[in-house]
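Engineer: Take a look and give me a structure for this.
(one chain, ligands or ions: 1)
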Amino acid sequence: MSALDRLQAWPRRTLAHLPTPLVSAPNLRRALGADAPELHLKLDAETGLGLGGNKVRKLEFVLAPDRLDGVTALVTAGGPQSNHCRVTAAAAARLGLRCVLVLNGPEPDEPRGNALLHRLFGAEIRTVARREERAPTMETVAREIADAGGRALVIPVGASDGLGTLGYAAAFLELDAQLASLPPREVTWIFTSASSCGTVAGLLLSVSLLDRANLRLVGVSADLMAFDLRRTTLELAREGGNLLGFGGEIRQGALAAADEYVGRGYGMPTPAAEEATRLFGSLEGVVLDPVYSAKAAAGMVDWIRRGSVPPDHRVVFLHTGGHPALLV
Ligand SMILES: Cc1ncc(COP(=O)(O)O)c(C=O)c1O
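Structural biologist: Here you go, the predicted structure:
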């Protein structure tokens, strides 16, 4: 069995509404200049479960039926506005499991956005003061659950481990099939947000499995330095590849890491992200979030305006979701 066959046969749980739409964005393309390349949006904001986003695809693999034998609770961690925690809590609700979220930051007086949804989906919240306390606290919670006769599945931050990465390896196959119905282009560029890097790593893994020389991936950082983004992405792509028994090389040359759109830091607004949010909203009716997708879109807009993508190439913006953060 080939690594690709293994990916396609891998046990997973249906949680997402798939395939997500691939739509063209002609108004945005026109606004980016006469030489702007063909532009499409892959709307993974619309994966459905618990308001959707990229984490749903990862959880399809992480929460595969064979991994939940005897499990009574899901335990995971993130920031107070974590999209990953929102979707994990929604999945737990759907599966009839307990969910404990370890969140760094104080308990909000009036929860809004994802903080509101964490609670709406019935998750129990443990707050810790610092990010470094999240992993050990997850282990403590898992032990407490075991002591009480239950069993916890601990899911890493962002569901970005080798298994979660397979979610985006599978997503690339879905996108590839959608692109096959469009006229051929010499090169296709995919721009997407990157933080824990499972999304971009999964895409890179499939680009490598399929040996696609005509694909370029641009991971636009929400927080990491480019060096770390690249290193983490390659590690995760290899980890996912190992699960599939993939013996080939990860196509490192297909990956670009952009860290110049982060601004002053994670979640801090930038003028370019705000402009991208207005452009996507007013020209295409598409909502971006300020933490991830707006910064990724700012990167894509800048690369196109600077002429870094030739006019006869194709661009796909993979929208990873995160809407609730816009409404905080
Ligand atoms: C809305 C959104 N977009 C993008 C990302 C980044 O994805 P990844 O963690 O797989 O790099 C995240 C997760 O942190 C997210 O919540």
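
Engineer: I'd like to know which residues of this protein are adjacent to the ligand.
Structural biologist: Within reach of the ligand by Cβ under 6 Å from any ligand atom, the chain has these residues: 53-54, 83-84, 158, 160, 193-199, 289, 292-293, 320-322. Just so you know, the C-beta spots here come from the backbone N, C-alpha and C atoms, and that holds for glycine as well.

Engineer: among those residues, which ones are buried?
Structural biologist: The neighbour-count test (16 or more other Cβ atoms under 10 Å) marks 53-54, 83-84, 158, 160, 193-199, 289, 292-293, 320-322 as buried among the residues of the chain next to the ligand.

Engineer: dump the residue contacts of residue 113.
Structural biologist: 81, 324, 325, 326, 327, 328 (Cβ atoms under 8 Å, 6 or more residues apart in numbering).

Engineer: So what sits opposite the closest residue to residue 129 other than its chain neighbours in the bridge?
Structural biologist: Counting by Cβ to Cβ, 6 or more residues apart in numbering, residue 104 is the residue found nearest to residue 129 once chain neighbours are left out, at 6.9 Å. Beta-bridge partners recorded for residue 104 (DSSP bridges): residue 128.

Engineer: how much space is there between residue 104 and the ligand?
Structural biologist: The spacing between residue 104 and the ligand, counted by Cβ to the nearest ligand atom, to the nearest Å, is 14 Å.

Engineer: in the chain, which residue is closest to the centre?
Structural biologist: residue 54 (3.8 Å; Cα atoms, centre = their mean).

Engineer: Residue 287 belongs to a helix?
Structural biologist: No. Going by DSSP: H, G, I helix; E, B strand; the rest coil, the assignment for residue 287 is coil, not a helix.

Engineer: residues in contact with it?
Structural biologist: 45, 280, 281, 323, 326.

Engineer: so how far is the ligand from it?
Structural biologist: Distance from residue 287 to the ligand, by Cβ to the nearest ligand atom: 11 Å.

Engineer: what about residue 23, which SS state?
Structural biologist: strand.

Engineer: The closest residue to it other than its chain neighbours - how many residues pack around it?
Structural biologist: Excluding the flanking residues, the one nearest residue 23 by Cβ to Cβ, 6+ apart is residue 41, at 5.3 Å. Other residues near residue 41 come to 22 when the count uses other Cβ atoms under 10 Å.

Engineer: Run the chain-centre distance for stretch 184-201.
Structural biologist: Averaging C-alpha positions (Cα atoms, centre = their mean, to the nearest Å) puts stretch 184-201 11 Å from its chain's average.

Engineer: So the residue lying closest to residue 32 once chain neighbours are set aside, which state does it fall into?
Structural biologist: Excluding the flanking residues, the one nearest residue 32 by Cβ to Cβ, 6+ apart is residue 304, at 4.8 Å. Classification of residue 304 using three-state DSSP returns helix.

Engineer: which residues sit in contact with residue 304?
Structural biologist: Neighbours of residue 304 in contact, by Cβ under 8 Å, 6+ apart: 32, 33, 36, 37, 39, 315.
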